[in-house]
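> when you get a sec, could you give me coordinates for this:
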Amino acid sequence: MLFKSKNLLVYFVLVMALLLSACTPVAPGIAPTPEGSQSESEMENPAMESEEITLYIAPEKVECMGVGPMECLQVKYSEDGESELFYTGIDGFVFVPGYNYELRVLRSEIANPPADGSSLAYTLLEVVAQEPAYDGEALPLEGTHWTLIAFGTEDMVHFSPADQTVDAQFVDGRISGLNGCNNYSADYTVVDGQLQLSQAISTLMACPEPAMEVEQAFMSALSSASSIAIDGDLLTIVYAAGQLTFQGTAATAADLDSIALITLPDGSACEFAGMGATLAFDEKRLNYTCSDAATLPFTGLIGDIAQDDAGVLTVELATINRNDDGFFLEDSQTLTFLAAGLLLADGSQCDFAGMGATLAFDGERLNYTCGDPSIGLLGPLVQGEAGNWTVSKVTLERKDGSFTIVGREEIAIAAIQGAEMP
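Here you go, the predicted model:
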């Protein structure tokens, strides 16, 4: 009996030993790390040294050469220090041109950096200050040419102001411009900073990428635009996924290639189709679209626009449709109407002086007056090859019972208001 009990005890001890060894994980080939020494992974990734610093960021990037051509931030490490090129990024910081920044940043050493990379990493802790570089009075919404300089976040869309033009003009309740490829427009209202846009329309020219990607993203952004604000020369439109930042300059004649607007007597707004528009019928180019070109059929103005000395315009209004062979001219009619009012690029509103107006200088008739009796528009409206319109704006002075011209400039016409013939 004693022998059997001893055997059972030995058997029980062996079973328990096997069970305990099975429950203890063993990593073969890895020796225990002596106390006070470093493992191989710890030796490869030592603890990084970090420090908080302040960076002052200039309002524009400049071209620089890293691994290849790129754009670099310009930074200073003290407010009155020397500006340096900054070749790396700052994690968490989205740069918007046009602002001077003061940033609080964590600078950390990188263990084993790549041969062509920085040995330092930068992480944004706080935007201490963000002030517009422009120190003049805030630019007006209308009468300013707004050019997109930043789209949402930098990685949202492949947008470069140097490669794709996206801009906006706000004229008499209408926003229009270039969207990266085509011309676009929409009606707008602003109440207490809240922006409301009608469904935007655009021309239908195809462009190579990434212009089409930019166009699609921009039009999508407009569809969810909710608010608008001007800070100096910067205009911000907030939309569902981010914000659009535009920089403003005074509108010029060249800007109006994409915003020229002709309103017909029936109220139809016809917009310049853009330099890239190629649709033509019997060699008459489609210069203006008067209804949504994405909805068939649509209407537009084709061919040259004729005018007489009194400001009467003659245009061909076309109805355009599409079948399997492409676009075709479905119908057309000739319209003759009076250019009763003109909106100039400087914001001036000028009204037709009347069929009986007789004031003239060297054979050029003063057809329009611009509010102030001493300011008017002289001679015919001039349509350039690009489709933009200009006119001579003059300042008059009365002396010895007669008027003389004391100032004259060629100025762009932003919009032409048509009216029925009297």
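
> stretch 160-171: end-to-end distance?
26 Å (Cα to Cα, to the nearest Å).

> same question for stretch 338-349.
Note: stretch 338-349 ends 16 Å apart using Cα to Cα.

> that one: which residues count as buried?
338-345, 348 (16 or more other Cβ atoms under 10 Å). No exception for glycine: its C-beta is placed from N, CA and C like everyone else's.

> among those, which lie within strands?
Residues of these located in strands (DSSP state E): 338-344.

> about what we covered before: okay if I get the buried residues of stretch 338-349 as CSV plus distance to V191 and pLDDT?
Formatted as CSV, these follow (distance: Cβ to Cβ, whole Å; pLDDT from 0 to 100):
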residue, distance to V191, pLDDT
L338, 33, 89
A339, 31, 87
A340, 29, 86
G341, 25, 87
L342, 27, 85
L343, 22, 82
L344, 26, 80
A345, 26, 73
S348, 25, 79
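
> put together CSV for those residues, with distance to P161 on each row.
Converted to CSV, these look like this (distance: Cβ to Cβ, whole Å):
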residue, distance to P161
L338, 40
A339, 35
A340, 38
G341, 34
L342, 31
L343, 27
L344, 27
A345, 22
S348, 29
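
> residues contacting A415?
171-172, 174, 260-263, 342-343 (Cβ atoms under 8 Å, 6 or more residues apart in numbering).

> and R408, by the same measure?
Here R408 is in contact with 378, 392-395 (criterion: Cβ under 8 Å, 6+ apart).

> same check, this time on E63
Here E63 is in contact with 69-72 (criterion: Cβ under 8 Å, 6+ apart).

> out of these, who has the most neighbours?
C72 (16 neighbours; other Cβ atoms under 10 Å).

> quick check: that residue touching L85?
Yes. Between C72 and L85 a contact is recorded at 4.4 Å, counting by Cβ atoms under 8 Å.

> what sits in contact with each of these two?
62, 64.

> quick one, domains of this structure?
50-132, 144-250, 255-338, 349-413 (automatic domain parsing).

> so which of these gets nearest M421?
Closest of these to M421 is domain 255-338, at 5.6 Å (criterion: Cβ to Cβ).

> gap between that closest one and the chain center?
With Cα atoms, centre = their mean, to the nearest Å as the basis, domain 255-338 stands 26 Å off its chain's centre.

> could you find the closest non-adjacent residue to the residue most central in space within the chain?
In the chain, the residue lying closest to the centroid (Cα atoms, centre = their mean) is L148, at 2.7 Å. In this structure, L148 finds its nearest non-sequential neighbour in V166, 3.8 Å apart by Cβ to Cβ, 6 or more residues apart in numbering.

> confidence score at that neighbour?
With respect to pLDDT, V166 scores 90.

> and it, what does it touch?
147-148, 151, 159, 177-180, 214, 218.

> same check on E84?
Contacts of E84 (Cβ under 8 Å, 6+ apart): 74-77.

> and stretch 279-293, what's buried?
279, 281, 284-291, 293.

> thinking again about what came up before, how about the contacts of V166 in JSON lines, adding secondary structure?
Shown next, in JSON lines, are the contacts of V166 (DSSP: H, G, I helix; E, B strand; the rest coil):
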{"residue": "T147", "secondary structure": "strand"}
{"residue": "L148", "secondary structure": "strand"}
{"residue": "F151", "secondary structure": "strand"}
{"residue": "F159", "secondary structure": "coil"}
{"residue": "G177", "secondary structure": "strand"}
{"residue": "L178", "secondary structure": "strand"}
{"residue": "N179", "secondary structure": "strand"}
{"residue": "G180", "secondary structure": "coil"}
{"residue": "V214", "secondary structure": "helix"}
{"residue": "F218", "secondary structure": "helix"}
